[in-house]
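S.K.: Build me a model from this:
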Amino acid sequence: MTNYTLGANFERSGIGLHSGITTTVRVLPAVARTGRYFVRVDLPGMPVIPARVEAVSTTMLSTQLRAGNGENSANFSDSEVTVGTVEHLLAALAGSGVDDACIEIDGSELPLLDGSALAWVKAIQEVGIVESELPQNSSNLSPLASPMFVGEPIWVCRDDVFVAALPAPMTRFTYGIDFENPAIGNQWYSWTPEQEHFADAIAPARTFGLANQVDQLRDRGLIKGGSLENALVCGDQGWLNPPLRFSNEPVRHKLLDLVGDLSLLGKFPVAHFLAYKASHNLHIQLARLLARQIGAWDVSRQSSAVIGN
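M.R.: All right, here's what the predicted structure looks like:
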C-alpha cells in the first residue's frame, strides 16, 4: 500500500476550546511509515506524542493524547506531555488521505478555529498531497500490508448507546443522535469515503452544545475558549447563532469526531462503523478493541488480514 503525506508545510493559530489559550500549529510532511504524530515544541527536548490509540489519556468532551514510556521527557513528568482536542485535525488529515504528518504545536491544546475541520482541510488542499518518501533504511522494512477487513461484528454498548464495527465491502461511517431539544431532535447521517468527499460532506460541520450546559461546563474548567464564533449553541427556542451549514450539522459533526478518533488506528480497517448517541470515550473503547485485534496479526508480513476471524 502507498502512503501519502503533505506537499509542503502549513501553519494555523487559534484559541483552544477548553484551555482558552492561543496556540500555533505547524504541520509538516513526514516520511513513510511514521504515521501522524505531534511534537510539543514548547517543551524541553520537544517530546513526541504519537497519534495512536495507545496514547489516549482522557476523553472528556474531546480526545487528549499523552507521551508514554518517558520518551524524550527526562525533564518532566509524562503526565505533563499532552496534547488535547486533536480529533478535528486528525479527521482532516485522515479524511484527506494524509497517512504521514509531523504536527508541531507550542502548547497543550489544538486551536478550535471555527469549530469544524474545514480550515484544516483547506490548508491541506493548499499544499497538496504527495506520496510519502521511504526512510533511508527502508531496505530493512517489510512490505506494507493490505487493508484489514473486519470479519465479524465488534461493538461497545452502554444501555441504548453504542458504537460498532461491522463487516462491509467498503469503509463506511454512520452516526445517529437523539436530543430532547426539538431544534436537534433525532438525526442520522451516513458517509462513504469512496462516494462523498470528506471536504464537502463532513469537514464543514461545526461542534455544538446546549446553552443550558454552558455555565456548568465552565464551572468545571471546560470550554474556556468556546464562543458563538467557534461553536453552534442551541437554546430552548432554537439555535442562538444560525444559519446551520447543513440541516443535520450536529450529527455530521459527531461523525467527524468519530473519524478523528478512529484515525488513531493509523489506516481505517474496512468496515461499517456505526454509532448511536456515542461519545469520545466509546469511540476510543472501540478503537482499542480494534487495535488489539489488529495487533494479533503480524500485519507487516501478511498480504491480507481479516479482523475477528
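S.K.: so the residue nearest to residue 169 when sequence neighbours are not counted bridges to which residues?
M.R.: Spatially, and ignoring its direct neighbours in sequence, residue 169 is nearest to residue 270 (7.6 Å; CB to CB, 6 or more residues apart in numbering). C-beta coordinates here come from the backbone N, C-alpha and C atoms, glycine included. Going by DSSP bridges, residue 270 is paired in beta bridges with residue 149.
S.K.: mind starting the numbering at 26 from now?
M.R.: With the count now opening at 26, the last piece we talked about shows up as residue 295.
S.K.: how many other residues sit next to residue 295?
M.R.: 19 (other CB atoms under 10 Å).
S.K.: next one: residue 274
M.R.: Count around residue 274 with other CB under 10 Å applied: 22.
S.K.: Now do the SS call for residue 63.
M.R.: strand (DSSP: H, G, I helix; E, B strand; the rest coil).
S.K.: List the contacts of the nearest residue to it once chain neighbours are set aside.
M.R.: Spatial nearest neighbour of residue 63, excluding adjacent residues (CB to CB, 6+ apart): residue 74 at 4.3 Å. Contact analysis of residue 74 by CB atoms under 8 Å, 6 or more residues apart in numbering lists 62, 63, 64, 65, 80, 90, 91, 92, 106, 107, 108.
S.K.: Just the closest of those to residue 126, please.
M.R.: residue 62 (7.7 Å; CB to CB).
S.K.: partner residues bridging residue 190?
M.R.: Beta-bridge partners, per DSSP bridges, of residue 190: residue 179, residue 298.
S.K.: I figured it hits residue 178, correct?
M.R.: Yes. Counting by CB atoms under 8 Å, residue 190 touches residue 178, with 7.2 Å between them.
S.K.: Break this protein down into its domains, please.
M.R.: 29-157, 173-332 (automatic domain parsing).
S.K.: before we move on, back to that, who has more neighbours out of residue 190 and residue 178?
M.R.: residue 190 (26 against 13).
S.K.: Give me the pLDDT value at that one.
M.R.: As predicted, residue 190 sits at a pLDDT of 98.
S.K.: what does residue 199 give?
M.R.: On the pLDDT scale, residue 199 gets 98.
S.K.: same deal with residue 319?
M.R.: If you check residue 319, the pLDDT there is 77.
S.K.: Likewise for the one 3 residues further on?
M.R.: With respect to pLDDT, residue 322 has a value of 50.
S.K.: now residue 55
M.R.: On the pLDDT scale, residue 55 gets 97.
S.K.: wait, what's in contact with the nearest residue to it once chain neighbours are set aside?
M.R.: Distances taken as CB to CB, 6+ apart place residue 125 nearest to residue 55, at 4.0 Å, with adjacent residues excluded. Residues in contact with residue 125 (CB under 8 Å, 6+ apart) are 28, 29, 30, 54, 55, 56, 57, 58, 59, 60, 61, 157.
S.K.: Run through the residues that contact the fourth one.
M.R.: It refers to residue 54. Neighbour list for residue 54: 30, 31, 32, 33, 34, 125, 126, 127, 155, 157 [criterion: CB under 8 Å, 6+ apart].
S.K.: Against which helices or strands is the longest helix out of those in the chain packed?
M.R.: Taking DSSP state H as the criterion, the chain has its longest helix at helix 305-320. Applying 3 or more CB pairs under 8 Å, 6 or more residues apart in numbering; DSSP states H and E, one finds that helix 305-320 contacts strand 179-183, strand 186-191, helix 274-287, strand 297-301, strand 330-332.
S.K.: which residues touch the spatially most central residue of the chain?
M.R.: Nearest to the geometric centre of the chain sits residue 285, at 1.8 Å (CA atoms, centre = their mean). Counting by CB under 8 Å, 6+ apart, residue 285 makes contact with 88, 111, 112, 113, 114, 115, 116, 119, 142.
S.K.: Sort out which one of those residues lies nearest residue 318 for me.
M.R.: Closest to residue 318, out of all of the contacts of residue 285 and judged by CB to CB, is residue 119, at 19.1 Å.
S.K.: Would you verify that that closest one is located in a helix?
M.R.: Yes. The assignment for residue 119 by three-state DSSP puts it in a helix.
S.K.: I appreciate the help and will end here.
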